[in-house]
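J.: What follows is a predicted protein model with its sequence.
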Amino acid sequence: MTGMGFWRQAREIARKDLMVEGRAGEAMYITVPFGAVALMLIPLAIGTDKPLLARVGPGMFLAVSLLFGMLVAFRQTATDTQPQRELLMLLGTDAAAKFVGRSAASTLLLLIFELVLIPVTVLLYNPGRIDGWPWLVLVVVLLATGLSLVGTLAGTVTLGLKTRSTLTPLLVAPLSMPMLLAAGQIVESLRVERSIVVWVLLMVAINLAMSVIGVATAKPLEETAT
Amino acid sequence: MNEGWVVFAYVVVYGFMAGYGAYLAVRARSLRRRRES
Amino acid sequence: MRRSGFALNIAAVAAIAIGFVSAVGAPSEQTQGDFARIMFVHVPSAWLAFLAFGLTLAGGVMWLMRKQERWDRLAAASAEVGVFFTALALLTGMIWGYPVWGTFWDWGDARMMSTAVMFFVYIGYLALRRSIPDRAIRARRSAILGIVAFVQVPLVYFSVNLFRTLHQGATFAGPDSPIDEGFVRPLLINLAAFTLVYAAFTMSRMRIGTIEDELDDVEALPDLELAGSGVTEPNLGRDFADE
């Protein structure tokens, strides 16, 4: 690892994570179906009135993507065991590169998560066509990157803790509020044909801020891993 | 009509303050006792 | 140390009493009548909630720079007292809101939303601290969580404000709408009083933290003396089997 530059290290880490995920299949075979089940449960709770569901469909997709998608970011396979961490440190891996690589892998998996759930949402909620729907691709991508950045950070901070699986969601959820609001507003603005620029900018700003913090705090946090 | 809400608000605020203050005092005292033993 | 703590506590109680008297003595407000008196406890609570949050961030950053335990202790104490004031701010805000809005919650109120997010972030912060027995690791991770949270809360405020102006236009009557002159003095008096209460609580909580750390050190000694292959450390929250 010492011979490699920053980006190459990040790429290798991302590749390793994706390979492990490919073998374990936690995100794809467990979390994605979980998200789909969640989308199915919601109408049972709020009522199966078709206009209501058509109205809330896109919003429910975003909420489920956030609440259940975050599990993708701190899945078991994204967490190194202590021997693995020590090995990476011995190899001279840049902690920030590890953060970037890990977030990139999580982003890709989150994208797949969202892309699978979109047709599920369309089928169950029948939201109807939204003009300018190609912009929704931007929302999906920005949500995936933002969530994976916050999730990876939260996952690092809760590393090794017994309560990790419940504590990390508690940390991620309130911190994801601005992102969810912006994403929801983009969908809403598209529906009523209003400008989405300011909300897109907000999502980009959040992503940038989280990237900077993640990279800057990677080295200090590495020292806390035992 | 609204006076009741105002009174309620003040009761909540002062009550919480007294409660939290008492909680801190009790906790400090029991910790000091443990330290002395 | 006990004596200064006592003086601060007495000062805080006295200040609150003075604040109460000034709140009761204030003239009835033009548009809201006696009801606006809730502002005398709501605004200071919200102010202290944000101040406490700021000090948690500051304590964390100072610890990262200096590595002195008292900064981490300040961060932790301020967070706990911050939960207290945040809860008060939310409760008083909702008590104000119900007769005015007809509901306990208004989704377009940026300040209440920021306060609510802060509340849950604090809770998560305290939960994180509780899960980490090692002092240095706990301090470092808490500090970093503090930084991440600090960035997000103004973002919430900004985004909800944006949401409101786009949906409802600029006119809005929230718990922080402008109030007339006769109200400023009691408001400031109560602000000072609440700040003293915050200081008293935080100092007390910091002292508790110090004693807890001392006890942890003392109580760990017997375990250390028995060190050897026959005795294993109790599992206090870190479980590598989970990884």
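T.: Thanks, I have the structure now.
J.: Spatially nearest residue to the closest residue to chain C within chain B (excluding sequence neighbours)?
T.: Nearest residue of chain B to chain C: residue B:2, at 3.9 Å (CB to the nearest CB). In this view, the C-beta of every residue, glycine as well, is placed from N, C-alpha and C. The spatial neighbour of residue B:2 that comes closest, neighbours along the chain excluded (CB to CB, 6 or more residues apart in numbering or on different chains), is residue C:35 at 3.9 Å.
J.: does any bit of stretch C:100-120 sit next to chain B?
T.: No - Stretch C:100-120 lies out of reach of chain B by CB under 8 Å from any CB of the partner chain, never closer than 9.2 Å.
J.: Please disregard the earlier target; I meant stretch C:200-216.
T.: Yes - using CB under 8 Å from any CB, stretch C:200-216 comes into contact with chain B via C:200-201, C:204-205, C:207-208, C:211-212, C:214-215.
J.: before we move on, the earlier item: test my guess that the residue of chain B closest to chain C contacts residue C:36.
T.: No - the pair residue B:2 / residue C:36 is not scored as a contact, 9.3 Å apart, by CB atoms under 8 Å.
J.: what's the spatially most central residue of chain C sitting at in phi/psi?
T.: For chain C, the residue nearest the mean C-alpha position is residue C:82 (1.1 Å; CA atoms, centre = their mean). Main-chain torsions, residue C:82, degrees, to the nearest 10: phi -60, psi -40.
J.: so which residue of chain A comes closest to chain B?
T.: Counting by CB to the nearest CB, chain A gets nearest to chain B through residue A:174 (22.2 Å).
J.: what do you get for chain C?
T.: residue C:35 (3.9 Å).
J.: Burial check on that residue, number of neighbours?
T.: Close neighbours of residue C:35, defined as other CB atoms under 10 Å in any protein chain shown, add up to 19.
J.: Pull the contacting residues for it.
T.: Contacts here follow CB atoms under 8 Å, 6 or more residues apart in numbering or on different chains; on that basis residue C:35 touches B:2-3, B:5-6, C:29, C:96, C:99.
J.: can you list the residues of chain A near chain B?
T.: Close to chain B, as judged by CB under 8 Å from any CB, chain A has no residues.
J.: What is the longest helix of chain A by residue count?
T.: If you go by DSSP state H, chain A has its longest helix at helix A:95-125.
J.: Check which helices and strands that one sits against.
T.: With contacts taken as 3 or more CB pairs under 8 Å, 6 or more residues apart in numbering or on different chains; DSSP states H and E, helix A:95-125 sits against helix A:6-24, helix A:32-46, helix A:50-73, helix A:135-157, helix A:197-222.
J.: Now the fourth one: average pLDDT?
T.: Same thing as helix A:135-157. Mean per-residue pLDDT for helix A:135-157: 94.
J.: in chain C, which spans are helices?
T.: Going by DSSP H, chain C shows helices at C:2-25, C:39-66, C:69-101, C:110-131, C:135-168, C:184-225.
J.: ok, now chain B?
T.: B:3-36.
J.: Tell me who's in contact with residue C:8.
T.: With CB under 8 Å, 6+ apart, residue C:8 has these contacts: C:196, C:199-200, C:203.
J.: so what pLDDT did it get?
T.: Value for residue C:8, per-residue pLDDT: 89.
J.: Measure how buried residue B:10 is and give me the count.
T.: Neighbours of residue B:10 using other CB under 10 Å come to 19.
J.: Can you check the pLDDT for the residue nearest to the residue nearest to the centre of chain C when sequence neighbours are not counted?
T.: Excluding the flanking residues, the one nearest residue C:82 by CB to CB, 6+ apart is residue C:52, at 3.2 Å. Note for residue C:52: predicted pLDDT of 94.
J.: how near is residue C:52 to residue A:83?
T.: 41 Å (CB to CB, to the nearest Å).
J.: ok, now residue C:137?
T.: For residue C:137 relative to residue A:83 (CB to CB), the value is 19 Å.
J.: Show me which of those two is the more surrounded one.
T.: The neighbour comparison of residue C:137 against residue A:83 (other CB under 10 Å) goes to residue C:137, with 19 against 10.
J.: quick one on the thing from earlier: can you read off the pLDDT for the residue of chain C closest to chain B?
T.: You'll see residue C:35 listed with a pLDDT of 75.
J.: repeat for the one 5 residues further on
T.: Per-residue confidence at residue C:40 stands at 90 (pLDDT).
J.: now swap in the one 4 residues further on and tell me
T.: Residue-level confidence at residue C:44 comes out at 93, pLDDT.
J.: now it, nearest residue through space, not along the chain?
T.: residue C:194 (3.8 Å).
J.: What of residue B:6?
T.: That would be residue C:37: by CB to CB, 6+ apart, it lies 5.1 Å from residue B:6.
J.: how close does the residue of chain B found nearest chain A sit to residue C:130?
T.: Nearest residue of chain B to chain A: residue B:16, at 22.2 Å (CB to the nearest CB). Distance from residue B:16 to residue C:130, counting by CB to CB: 22 Å.
J.: More neighbours: which of those two?
T.: Using other CB under 10 Å as the criterion, residue B:16 and residue C:130 rank with residue B:16 on top: 17 against 13.
J.: who are the neighbours in contact with the nearest residue to that one once chain neighbours are set aside?
T.: Excluding the flanking residues, the one nearest residue B:16 by CB to CB, 6+ apart is residue C:88, at 5.9 Å. Going by CB under 8 Å, 6+ apart, residue C:88 touches B:12-13, B:16, C:41, C:45, C:49.
J.: Contact residues of chain C facing chain A?
T.: C:64, C:113, C:117, C:120-121, C:123-124, C:127-128, C:131-132, C:134, C:136-137, C:140-141, C:144-145, C:147-149, C:151-152, C:155-156, C:158-160, C:162-163, C:166, C:235, C:237-240, C:242-243.
J.: Okay, now the unreliable bits of chain B?
T.: B:1 (pLDDT under 70).
J.: What parts of it come near chain C?
T.: B:1-3, B:5-6, B:8-10, B:12-14, B:16-17, B:20-21, B:24-25, B:27-28, B:31-32, B:34-35.
J.: mind redoing it with 6 Å?
T.: B:2-3, B:5-6, B:9, B:12-13, B:16, B:20, B:24, B:27-28, B:31, B:35 (CB under 6 Å from any CB of the partner chain).
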